[in-house]
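J.: Dropping a prediction and its sequence here:
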Amino acid sequence: MSNHEGQKPVRKEMSRRQFLSYTLGGTTAFMAGGVALPMIRFAVDPLLQKKEESAFIKVTEEAKITNDPVEYKFKIHQVDGWYESEAELVAWISKDANGNIFALSPVCKHLGCTIGWNTENSDQYVCPCHGAHYTRDGKNLSVAPNPLDEYEVKLDGGFIYLGPIKPNTRV
Amino acid sequence: MAHGHKSDEKIVYVGDSRIRKRTNKNSVPPDYTAFPGKSEVFIPNFLLKEWLVGCVVLVGFLVLTISEAPPLGYPADPTNTAFIPMPDWYFLFLYQYLKYPYASGDYVVLGSVFVPGIAFGALLLAPFLDTGKERRFYRRPVTSALMILSLISLVYLTKVSWDHYQHELEITNTVPEHIEREEKAREAAEKGESFSAVKKEEPVALVDANDPAMDIAKAAKCITCHSPDLNGNPKAKVPSLHGIGDVYSKEELVNIVTNGNGGMPSFKDTLSAAEIDQLTTWLAKQKKAQ
Amino acid sequence: MFKAVYNWIDERLDVAPLWRDVADHEVPEHVNPAHHFSAFVYCFGGLTFFITVIQILSGMFLTMYFVPDINNAYASVDYLQHKVAFGGIVRGMHHWGASLVIVMMFLHTLRVFFTGSYKAPREMNWVVGMLIFFVMLGLGFTGYLLPWDNKAYYATKVGMQIAESVPYIGVYLKELMQGGTIVGAQTLTRFFAIHVFFLPGALLALLAGHFFMIRKQGISGPL
């Protein structure tokens, strides 16, 4: 390379070869773009799909909720591309001192393991992976950077309905 | 090497003495002086011309893909007897050819192996069959004639096959599936409905969800195991009560509720006979919508 | 910046001769459509390659959504074509491109045939070219089954019947291709593997040989 060209020539006008090179570059870009753009749009489509808000699902009776958190499972209809299924979700539901019912998501805010209640008899949520601890309200005590997420709760006719996940509002 | 020997280089390349340098006169590409006229370098001069042709083809191709949706019929159904199978167009000549008497029946081996084998074998080995120095096609009458004959038969067979297919569609009054599917999808879109040819298992809805029997189900703690929406819990092997009427008759249901079944306890003491009757009557009605 | 990186690599690997050989080789006048319009027939080889590149790219993107399973194949194709943005176009590129490759390759073969370009010393390149042709037909045949609609299913059954009519080995050949005694789940995965891994691998190797030989031997002279 360096042997062939030597010193950079002083730029005067565009040489024929340069012109052809630029035109070739432009044509290449056109062809590559024409082929690749539809495919790239096709590939990034999941990012641009409208996310559907999950509906409220009936989970359990209001009367059953105590001050101690209890694990409840409920199913949501999940549409994953061409695959539709009834996915099972878990919520830890309890009442606070004022009798307000709240439901916590069991996904640890550290690295996404599943937490359990009172597994160390400390009245805390404990994550088995890296030992994250949370209070009854989901407040992060150690390891995890954020408090546990909450489900939106709706009460209707003596039943508890759970909706989309939102950041913790209690701490 | 291209850079010549530099005294400060750590590694000095020397020629590999195991390989003899050959002067292969025959296989060296002829340089452009061998062809009189205006030759030009590949990049950028020639490639630009080639790619301008490429751009025209690309634009035409994109117009085709935008205007013509790729065909998609209905999901494969081995029991479908009305379907007229058709291979892709470039296999049609073979498809048609195998229908002829000397290519089918007792002669199927001749048709499916020997004739195509000889034809494709000859094509593959053409340079060793046509070994003359002459390159112009009109000076090679035998080779050219064979090729032209093959081309004519290819076109002819393809056309006959296609016409036959069209004729079959006409007499059986069939619309090709991909066209029918597209038509239905368009009609559905006009009505604002969604369309899919995929068969789906519809979740079975509760029949008469507000029936008073539902209150019995609540009171008797059925929903503790069978979940509040009575959809069961597959992981704990608790069956869904949706569509339970398709599985058990009323008598069987009475028996199960009264005496228990597998993991399910007996409700003899919790519910009165009348309540069990009311509950099972309702459960027996839980059938899949027709 | 780019220049510095290039120089750094070139100093170590001496890459200049590699691409210089491709870039600077002279292309004679008789294949240049700018000089003789009729020389456009020499473009078909390049166009075949261009469409092949489109096929490989669109195929790679299609496998992001496609599932080679008889329960889901049709649903996933239906989804990617009708629910994903530009799905119809990307699948269209792959579907129509398959036909276009065959057309272009056919025209390229005819050009080589009628200009007698397959004659010595280029016999081997013709043989490799014909093998590419067969690989392409194989790709067409195996790709046809993948959407798992009626057309795919019955066309494949017919193809299997033809394979079965081969004397002695036909039955085994058919079962080997089907991966069982029926056209079903195992046929689909098998055809998928052949369509996506085996044949493209063979195709790339053959293409490399094809291009190497044409670079080594040069294009055939004017008639």
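T.: Right, received. Where do you want to start?
J.: Only C-alpha atoms from now on, for both contacts and neighbour counts.
T.: Will do.
J.: If we go by neighbour counts, what in the top helix by length along chain A is buried?
T.: Ranked by residue count and defined by DSSP state H, the top helix of chain A is helix A:16-43. Across helix A:16-43, burial judged by 16 or more other C-alpha atoms under 10 Å in any protein chain shown covers A:20-21, A:24, A:27-28, A:31, A:35-36, A:38-39, A:41-43.
J.: quick one, helices of the chain?
T.: I went with chain A, as the question did not name one. Taking DSSP H, the helices of chain A run over residues A:2-5, A:16-43, A:45-48.
J.: you looked at the wrong chain, it should be chain B
T.: Under DSSP H, chain B gives helices at B:47-67, B:92-97, B:108-109, B:115-124, B:126-129, B:141-171, B:177-190, B:213-219, B:222-226, B:250-259, B:273-284.
J.: got the domain boundaries for chain B?
T.: For chain B, automatic domain parsing gives the domain ranges B:89-190, B:213-284.
J.: Would you pull up how far the longest one lies from the middle of the chain?
T.: Going back to what we said before, that points to domain B:89-190. In terms of C-alpha atoms, centre = their mean, to the nearest Å, the centre of domain B:89-190 is set 22 Å apart from its chain centre.
J.: With mean pLDDT and distance to residue C:117 added, can I get the helices of chain A in CSV?
T.: Shown next, in CSV, are the helices of chain A (pLDDT from 0 to 100; distance: least, C-alpha to C-alpha, whole Å):
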stretch, mean pLDDT, distance to residue C:117
helix A:2-5, 48, 35
helix A:16-43, 94, 29
helix A:45-48, 92, 47
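J.: Turn the ones you listed into TSV, columns for distance to chain C.
T.: Converted to TSV, those look like this (distance: least, C-alpha to the nearest C-alpha, whole Å):
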stretch	distance to chain C
helix A:2-5	8
helix A:16-43	5
helix A:45-48	6
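J.: who wins for proximity to chain B among those helices?
T.: Chain B lies closest to helix A:16-43 among the helices of chain A, at 5.3 Å (C-alpha to the nearest C-alpha).
J.: what's the neighbour count on residue 124?
T.: Using chain A. Using other C-alpha atoms under 10 Å in any protein chain shown, residue A:124 has 23 other residues around it.
J.: could you do chain C instead?
T.: Other residues near residue C:124 come to 18 when the count uses other C-alpha under 10 Å.
J.: quick check, it in a strand?
T.: No: applying DSSP: H, G, I helix; E, B strand; the rest coil, one finds residue C:124 to be helix, outside a strand.
J.: residue ranges of the strands in chain C, please?
T.: C:26-27 (DSSP state E).
J.: Between the helices of chain A, which one is closest to residue C:60.
T.: The closest of these to residue C:60 is helix A:16-43. By C-alpha to C-alpha, the value is 9.5 Å.
J.: helices or strands next to the closest one in the packing?
T.: In terms of contacts (3 or more C-alpha pairs under 8 Å, 6 or more residues apart in numbering or on different chains; DSSP states H and E), helix A:16-43 is packed against helix B:47-67, helix C:44-62, helix C:87-114.
J.: Tell me what angle the first one forms with helix C:87-114.
T.: In this case it means helix B:47-67. Between helix B:47-67 and helix C:87-114, the angle comes out at 130 degrees (axes from the mean of the first three to the mean of the last three C-alpha atoms, to 10 degrees).
J.: CA atoms only: put helix B:47-67 into PDB for me.
T.: Taking Å, rounded to 0.1, in the frame of the first residue of the first chain, the C-alpha atoms of helix B:47-67 are listed here in PDB:
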ATOM      1  CA  LEU B  47     -18.000  -3.300 -10.700                       C
ATOM      2  CA  LEU B  48     -19.900   0.000 -10.900                       C
ATOM      3  CA  LYS B  49     -21.400  -1.100 -14.200                       C
ATOM      4  CA  GLU B  50     -22.200  -4.500 -12.900                       C
ATOM      5  CA  TRP B  51     -23.900  -3.000  -9.800                       C
ATOM      6  CA  LEU B  52     -25.900  -0.500 -11.800                       C
ATOM      7  CA  VAL B  53     -27.500  -3.600 -13.500                       C
ATOM      8  CA  GLY B  54     -27.700  -5.000  -9.900                       C
ATOM      9  CA  CYS B  55     -29.600  -1.900  -8.800                       C
ATOM     10  CA  VAL B  56     -32.100  -2.300 -11.600                       C
ATOM     11  CA  VAL B  57     -32.700  -5.900 -10.700                       C
ATOM     12  CA  LEU B  58     -32.900  -5.100  -7.000                       C
ATOM     13  CA  VAL B  59     -35.600  -2.400  -7.500                       C
ATOM     14  CA  GLY B  60     -37.600  -4.700  -9.700                       C
ATOM     15  CA  PHE B  61     -37.200  -7.400  -7.100                       C
ATOM     16  CA  LEU B  62     -38.300  -5.200  -4.200                       C
ATOM     17  CA  VAL B  63     -41.300  -4.000  -6.200                       C
ATOM     18  CA  LEU B  64     -42.200  -7.700  -6.700                       C
ATOM     19  CA  THR B  65     -41.900  -8.500  -3.000                       C
ATOM     20  CA  ILE B  66     -43.900  -5.500  -2.000                       C
ATOM     21  CA  SER B  67     -46.700  -6.100  -4.500                       C
END
